[in-house]
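Participant: Give me coordinates for this.
(one chain, ligands or ions: 1)
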Amino acid sequence: METQPFWLEESRPVVAARDLDRVEIAVIGAGITGCACAGVLARAGKRVRVYDARGIGEGASGRNGGFALRGAAARYDVARETYGVDAARELWQRTEHALDRLEAIAGDAFRRTGSLRLAADVEERVEIQGEYETLREDGFAVEWREDLAHLRSDFRGAIFHPRDGAVQPAAFVQHLADLAVEAGAAFAEHRPIQSLEEVEAEQIVIATDGSGRGLLPELDEALWPARGQVLATAPVADRLFECPHYARHGFDYWQQLRNGRIVLGGFRDFSILTEMTDDEMTTEPIQEALDVFLVELLGQMPEVTHRWAGIFGLTQDLLPLVGPVPGHDGVWVAAGYSGHGNVLGLLCGELVADALLGHDESLLQLFSPARLVQHV
Ligand SMILES: Cc1cc2nc3c(=O)[nH]c(=O)nc-3n(C[C@H](O)[C@H](O)[C@H](O)COP(=O)(O)OP(=O)(O)OC[C@H]3O[C@@H](n4cnc5c(N)ncnc54)[C@H](O)[C@@H]3O)c2cc1C
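Facilitator: Below you'll find the predicted structure:
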């Protein structure tokens with residue numbers, strides 16, 4: 001049984017070595033966020049180096065479910081109530097644009113399949129109907145699905161999001177890293193940063209999502225690590241799922257890849273306290289829950305070839321932190337996508353780079369770290 005993600009086996013990002021003796025900007029974290037950020041900065045002529053304790057893309061960016069969805073972690077109707085109608089609409093539009101860019105960058109590693117958000121019970125049906133109505137009201141492409149005959153389990157309706165897709169996340173990170181290197185960025189892999197003091201650069205961007213604990217106590221308070229567990233099966237001959245599916249408020253998610261493998265993750269809520277950790281290991285209770293659900297989905301137990309875990313960053317209001325860290329001159333952050341970092345990581349990695357370059361952006365207000373980070 002492989003305990004590494006299937007994605008990294010298929011495509012482990014590597015970049016050409018480049019030497020830069022002095023850099024202006026250091027980025028900590030070589031996932032989607034850090035690579036996207038470094039690309040923008042290098043294209044603007046900045047001398048930038050990306051540090052990672054592991055290899056490129058070996059954090060959550062190479063360990064996730066491969067869903068590329070518009071929006072953020074909150075449902076759209078809830079986002080409108082919580083963040084305001086205009087802010088929610090702008091955020092969803094910006095993630096749609098980021099999805100288009102993701103498609104252009106990822107090439108073959110992205111498929112525009114749409115995604116299916118399923119209601120597991122009557123209560124969830126009412127909730128996602130609310131989301132469907134508000135999305136339609138605000139002019140977003142969305143379809144309601146009642147016919148779910150392709151599924152064995154009893155779901156109560158679904159929203160089909162036609163603009164969403166599926167991405168091979170490790171291959172996507174490879175493309176982002178290549179673009180950054182082409183523009184002049186350097187990478188220092190297997191270089192854990194213990195303290196910001198040791199980084200020789202005028203500006204530092206923290207792009208560690210849920211895994212950068214210990215760098216700044218204020219960020220440790222605002223970004224909560226959460227563990228997600230996933231499995232992948234051997235190729236299944238029948239084509240069962242044409243697009244990424246998710247249910248129970250996104251707690252459970254699965255898709256079938258081009259090669260027939262099923263990638264299934266979730267059930268974090270079955271042991272929510274133990275899963276609020278940055279310990280990147282699989283556990284029996286969650287893996288057993290995944291197995292039971294796999295049998296429910298397929299009607300039999302297929303061969304499982306990979307089981308892995310990954311860590312992502314959650315925030316209290318389910319919005320990322322992007323911008324300067326209060327009380328720390330020259331320190332910036334882009335993190336906390338609450339499980340939606342494939343598209344948001346691209347958007348926010350670029351956004352923090354733009355902010356650092358002095359460009360103002362309305363989204364920076366919504367994502368301002370000052371709303372959750374107390375200056376101690
Ligand atoms: C199991 C799982 C399933 C998910 N499914 C999806 C999905 O289907 N769709 C979706 O959009 N999102 C999903 N997510 C979330 C998504 O993967 C992340 O939000 C996204 O990858 C974050 O990218 P990042 O570059 O910000 O962080 P990461 O990819 O986590 O990269 C951070 C990097 O920082 C490095 N680092 C940390 N601390 C230090 C240090 N002190 N010094 C040096 N380096 C350091 C780490 O080694 C790591 O490589 C999932 C996450 C998990 C864990």
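
Participant: how far away is the residue nearest to residue 237 when sequence neighbours are not counted from residue 56?
Facilitator: Nearest residue to residue 237 in three dimensions, chain neighbours excluded: residue 260, at 6.5 Å (CB to CB, 6 or more residues apart in numbering). Any C-beta I mention is one placed from the backbone N, CA and C, and that applies to glycine too. Distance of residue 260 to residue 56, computed by CB to CB, to the nearest Å: 28 Å.

Participant: what do you get for residue 286?
Facilitator: 27 Å.

Participant: Contacts for stretch 243-259, please.
Facilitator: 65-67, 69, 73, 111, 113-120, 124, 151, 155, 160, 164-166, 235-236, 239-242, 262-269, 293, 297, 339 (CB atoms under 8 Å, 6 or more residues apart in numbering).

Participant: Filter those residues down to just the buried residues.
Facilitator: 65-67, 69, 73, 111, 113-120, 124, 151, 155, 160, 164-166, 236, 240-241, 262-268, 293, 297, 339 (16 or more other CB atoms under 10 Å).

Participant: among those residues, which are in reach of the ligand?
Facilitator: 65, 66, 67, 265, 339 (CB under 6 Å from any ligand atom).

Participant: Just these: which are in strands?
Facilitator: 67, 265 (DSSP state E).

Participant: Rebuild the ones next to the ligand among the buried ones among the contacts of stretch 243-259 as a markdown table, extending it with pLDDT.
Facilitator: Listed next are these as a markdown table, based on pLDDT from 0 to 100:
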| residue | pLDDT |
| --- | --- |
| 65 | 97 |
| 66 | 98 |
| 67 | 98 |
| 265 | 98 |
| 339 | 97 |
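
Participant: Turn the ones next to the ligand among the buried ones among the contacts of stretch 243-259 into CSV, columns for distance to residue 360.
Facilitator: Listed next are those as CSV, based on distance: CB to CB, whole Å:
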residue, distance to residue 360
65, 34
66, 33
67, 31
265, 37
339, 28
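
Participant: Return the closest of the ones next to the ligand among the buried ones among the contacts of stretch 243-259 with respect to residue 208.
Facilitator: The nearest member of these to residue 208, counting by CB to CB, is residue 339 at 15.6 Å.

Participant: List the contacts of stretch 277-289.
Facilitator: By CB under 8 Å, 6+ apart, stretch 277-289 touches 3, 210-211, 213, 225-227, 229, 231, 267-268, 270-271, 274-275, 307-311.

Participant: Pull up the residues of the stretch 251-376 of the chain that are close to the ligand.
Facilitator: So the stretch 251-376 of the chain meets the ligand at 265, 310, 311, 312, 335, 337, 339, 340, 341, 342, 343, 345 (CB under 6 Å from any ligand atom).

Participant: The last one: neighbour count?
Facilitator: For residue 345, the neighbour count with other CB atoms under 10 Å is 34.

Participant: May I ask you to confirm that it is in contact with residue 176?
Facilitator: No: using CB atoms under 8 Å, residue 345 makes no contact with residue 176, being 9.4 Å away.

Participant: shared neighbours, these two?
Facilitator: Joint contacts of residue 345 and residue 176 (CB under 8 Å, 6+ apart) are 32, 36.

Participant: Who are the contact partners of residue 121?
Facilitator: By CB under 8 Å, 6+ apart, the contact set of residue 121 is residue 156.

Participant: Model confidence at residue 48, what's the number?
Facilitator: Looking at residue 48, its pLDDT stands at 97.

Participant: And for it, the neighbour number?
Facilitator: 30.

Participant: For it, give its distance to residue 299.
Facilitator: Distance, residue 48 to residue 299, by CB to CB: 51 Å.

Participant: Domain ranges for this structure, per the record?
Facilitator: The chain breaks down by automatic domain parsing into domains covering 6-64+169-223+317-371, 113-163+224-314.

Participant: ranking these by burial, who's on top?
Facilitator: Per-stretch averages of neighbours, counted by mean count of other CB atoms under 10 Å, single out domain 6-64+169-223+317-371 among the domains of the chain, with a mean of 22.

Participant: Between the two ends of that one, what distance do you get?
Facilitator: 37 Å (CA to CA, to the nearest Å).

Participant: ok, now stretch 133-152?
Facilitator: 27 Å.

Participant: Mind checking the pLDDT average for it?
Facilitator: Stretch 133-152 shows a mean pLDDT of 96.

Participant: Right, I'll call it a day here.
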